[in-house]
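Colleague: Build me a model from this:
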Amino acid sequence: MSTDPKFGQLIEDDSRGRDAVHVAVVPVTADCTVFPGQHVGLQPGSDDCVCWSDNPIGIVDPFLKHRVERGDWFWLFLYPGTITSLRHMWSHPAFPAVDTSVIDDPRVLAARRWFTDFCWRYNASERCYEYPIGVAQLLDLGREAFKSGNWIECGNNQTMCEALREQSQEFWRNWSIIEGVEVPASGDGPGFSCSC
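Modeller: This is a model prediction of the structure:
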C-alpha cells in the first residue's frame, strides 16, 4: 500500500508526516478569466488553452495572488495520479507526445507561440457563432491539407479563415518548423476556405 500523500482527498489515517512531492505542471494560456486554484480543462482542439470545463484536468496555479485574465500564461497543476509517465518529461492523455529532441529548440518554441497567439487572437469569445479552432486542430488541418493538397477548411470561422489567408506564408513557415516538413520555396502551402 502506497504511503504517498493523496492530494484531493482528506487524510483518513495517521499519515500526517511531512513530505515533498513532484507535481506535473504545464504552461497554458487562459481563454477566459480564471482564479488561483480553479479547476480548468483544455479548450476543444487545443493543448495549451484552458478555461472552465466539464472535463477539468487540473487547477490554476494555486500560489498566484491574483486572477488570471484571458490571454495570460500561467502554470496549470495537473491532477495527482493522472500523468502516465514521469522523467521530469512527463506524458498525459490530454496532451500530445513530445519529441524531446526538439523540446528546447528556440525555433520550435517560437513557432508554437505564434500558433497559440494566432488561435487566441482569431477565436475571440465574443464571436460565439464561429466554431473555435485550437492549436492542435489547426496543426492537424495543416497536416491533412499538406498531405492531400486540398485547402484547409475553417468551417464557419470566417475570422480565422481571413486571418490565415492574410498570414498564409507565416502560417506555413511556423507549421513547417513544428512539423519538421519543408514547404515549397514560395513559402506557401495549400489555401484556406470557410463555409461562410
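Colleague: Give the ranges of residues in this protein that sit below the confidence cut-off.
Modeller: For the chain, applying pLDDT under 70 flags the ranges 1-5, 14-20, 86-90, 98-104, 124-128, 185-187, 196.
Colleague: please redo it, this time with the cut-off set to 90
Modeller: 1-29, 31-32, 43-49, 53, 69-73, 80-113, 115-141, 143-161, 177-196 (pLDDT under 90).
Colleague: For the residue nearest the centre of it, which non-adjacent residue is spatially closest?
Modeller: Centroid-nearest residue in the chain: residue 48, 1.8 Å away (criterion: CA atoms, centre = their mean). Nearest residue to residue 48, sequence neighbours excluded (CB to CB, 6 or more residues apart in numbering): residue 28, at 5.0 Å. Bear in mind the C-beta positions are built from the backbone N, C-alpha and C, glycine included.
Colleague: Can you tell me how far the residue nearest to the centre of the chain is from residue 142?
Modeller: When CB to CB, to the nearest Å is the yardstick, residue 48 and residue 142 sit 16 Å from each other.
Colleague: Give the helix, strand or coil label for the residue nearest to residue 48.
Modeller: strand (DSSP: H, G, I helix; E, B strand; the rest coil).
Colleague: so what's residue 129 up against?
Modeller: residue 156 (CB atoms under 8 Å, 6 or more residues apart in numbering).
Colleague: Going toward the C-terminus from the helix of greatest length in the chain, what's the next helix or strand?
Modeller: With secondary structure taken from DSSP state H, the chain has its longest helix at helix 106-121. Next helix or strand after helix 106-121 toward the C-terminus (DSSP states H and E): helix 135-148.
Colleague: what angle separates that next one from helix 106-121?
Modeller: 110 degrees (axes from the mean of the first three to the mean of the last three CA atoms, to 10 degrees).
Colleague: The helix or strand following helix 135-148: partners in the sheet, and parallel or antiparallel?
Modeller: Heading C-terminal from helix 135-148, the first helix or strand you meet, by DSSP H and E, is strand 152-153. Applying DSSP bridges to the sheet, strand 152-153 is found paired with strand 192-193 (parallel).
Colleague: that older thread, output the contacting helices and strands for the longest helix of the chain.
Modeller: On a contact count with 3 or more CB pairs under 8 Å, 6 or more residues apart in numbering; DSSP states H and E, helix 106-121 meets strand 49-51, helix 135-148, helix 158-166, helix 168-179.
Colleague: switch to 10 Å and redo it
Modeller: Counting contacts by 3 or more CB pairs under 10 Å, 6 or more residues apart in numbering; DSSP states H and E, helix 106-121 packs against strand 25-30, strand 49-51, helix 135-148, helix 158-166, helix 168-179.
Colleague: So which of the ones you listed is the most surrounded?
Modeller: Burial of the helices and strands packed on helix 106-121 is given as mean neighbour count (mean count of other CB atoms under 10 Å); strand 49-51 ranks first at a mean of 23.
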